[in-house]
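Student: no letters, just coordinates:
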């Protein structure tokens, strides 16, 4: 009997320690990732998503279409050329502000290169392309469900 009790105690302690270790690792991992820098740089970022590689943390918008302050700035969609200095990579971010349920799809691409498409069933859709290095032009497309002939395309810069 005492061997069985000792085995149970040992098993219980092992499980408790494993659970505590798991909690500690979950708490530390995001901080280590954010402080450890990106997972790619330059050409190694091509075709990867900025969020999964840690490139979106220092991202800046280099160009936006339509340009804020212009007559077309009230458009229902806009495209941004995004850049991460830490990753030395570009990507396109497209935001569609069509009414809820009226988006057939929103697509973001780096002209002539990588593309990401998001099909949505709600307003405010955002699509983010994969990353690219070298010369980059960010393009975006949104298509309305209620009027599929309405296709908005914008490229920045």
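Tutor: That came through, no problem. Please read all numbers here as calculations on a predicted model, not as lab measurements.
Student: looking at the protein, which helix or strand is least sure?
Tutor: One helix or strand of the chain scores below all others by mean pLDDT, DSSP states H and E: helix 2-35, with a mean of 57.
Student: quick one: contacts of the helix or strand following that one?
Tutor: Sequence-wise, the next helix or strand downstream of helix 2-35 (DSSP states H and E) is strand 60-65. Strand 60-65 is touched from outside by 78-85, 90, 93, 138, 154-157, with contacts defined as Cβ atoms under 8 Å, 6 or more residues apart in numbering. (C-beta placed from N, C-alpha, C; glycine too.)
Student: the closest residue to residue 40 other than its chain neighbours: how many residues sit nearby?
Tutor: Closest residue to residue 40 apart from its sequence neighbours, by Cβ to Cβ, 6 or more residues apart in numbering: residue 53 at 4.8 Å. Neighbour count for residue 53, taken as other Cβ atoms under 10 Å: 19.
Student: farthest pair in the contacts of strand 60-65?
Tutor: 85 and 154 (24.5 Å; Cβ to Cβ).
Student: neighbour count winner among these two?
Tutor: residue 154 (20 against 10).
Student: what sits against that one?
Tutor: So residue 154 contacts 65-66, 75, 77-79, 94, 139-140 (Cβ under 8 Å, 6+ apart).
Student: kindly recompute the last result at 10 Å.
Tutor: 64-66, 72, 75, 77-80, 92, 94, 138-142 (Cβ atoms under 10 Å, 6 or more residues apart in numbering).
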